[in-house]
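In: just coords:
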DNA sequence: TTGGTATATCGGGAAAAGTCGATATATGTT
DNA sequence: AACATATATCGACTTTTCCCGATATACCAA
């Protein structure tokens, strides 16, 4: 758990926005309803909502994943991303005790 | 409370180190014992321990203050910095609910 | 195999952050 | 007033981040 890496990942408005949207996938990505949300939301859906290029969004998700804040699941041609809630709980705790 | 600004302020190993040292000023800045710690620790003492230049450390403290993570008190020629514990409590809470 | 779609990675240009030395400002002392 | 000390700010340079377009890779369908 690299603290600096986590805070860097959170130091960007768009990435914070993505994390926030991923709290309620059904609500924020209704277009994907048909496929379910058990594994999270695919990159394309996030990209459309974000409005930046595909490469940028893919990189942002990688940054969030390296920091441990999201998990990814590959299914066919899609990669689904979802929040890693344990990481947020741990971070909240870390701020209370370690930082 | 600008989230991005807070996380940027925390995205640096030295600044995290400073915040950590300020948790126990008596222990980490014994050279300043004579003056007491009610208002925190002065820039010079922090600078010596950090080992970077005076200008860099001064700027780091400004960054931490703009993010609301520390408070400063001017006394004569010295500026004393101390942690703003309310900000950390709020941040911990923010991560649990908002992010 | 050929082609289509989804995602990842690469290379680059612009903007921001890291860090320094030099200088400015504020305060204190004589 | 003149000088010393503590801190803040400025200008410059290097490194990192932001974000893009182009290309590569992985999978799927005909």
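Out: Okay, I see it. Just so you know, these numbers come straight off a predicted model, no measurement behind them.
In: show me the contacts for residue A:63.
Out: A:8, A:9, A:15 (C-beta atoms under 8 Å, 6 or more residues apart in numbering or on different chains). Where C-beta positions appear, they are placed from N, C-alpha and C, glycine not excepted.
In: does it count as helix, strand or coil?
Out: The three-state label given to residue A:63 by DSSP: H, G, I helix; E, B strand; the rest coil is helix.
In: and chain A, which of its residues are near DNA strand C?
Out: Residues of chain A that fall close to DNA strand C, judged by C-beta under 7 Å from any atom of the strand: A:42-44, A:47, A:54-55, A:58-59, A:61-62, A:72, A:77-80.
In: how about the strands of chain A, start to end?
Out: A:41-42, A:70-75, A:78-83 (DSSP state E).
In: Run through chain A and note the low-pLDDT ranges.
Out: A:33-37 (pLDDT under 70).
In: near DNA strand D, which residues of it?
Out: Residues of chain A lying close to DNA strand D by C-beta under 7 Å from any atom of the strand are A:8, A:11-12, A:14, A:52-56, A:59, A:63, A:74, A:76-77.
In: And those residues, which is closest to residue A:90?
Out: residue A:8 (16.8 Å; C-beta to C-beta).
In: Near that closest one, how many other residues are there?
Out: Using other C-beta atoms under 10 Å in any protein chain shown, residue A:8 has 19 other residues around it.
In: How much space separates it from residue A:2?
Out: The gap separating residue A:8 from residue A:2 is 9 Å, by C-beta to C-beta, to the nearest Å.
In: and if you look at residue A:56?
Out: For residue A:56, the distance to residue A:2 equals 22 Å [C-beta to C-beta].
In: Turn the residues of chain A next to DNA strand D into CSV, including distance to residue A:21.
Out: Below are these laid out as CSV (distance: C-beta to C-beta, whole Å):
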residue, distance to residue A:21
A:8, 20
A:11, 18
A:12, 14
A:14, 10
A:52, 14
A:53, 18
A:54, 17
A:55, 19
A:56, 16
A:59, 17
A:63, 16
A:74, 21
A:76, 23
A:77, 22
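In: Can you pick out the most distant pair from these?
Out: Greatest spatial distance in the residues of chain A next to DNA strand D: A:11 and A:76, 32.9 Å, computed using C-beta to C-beta.
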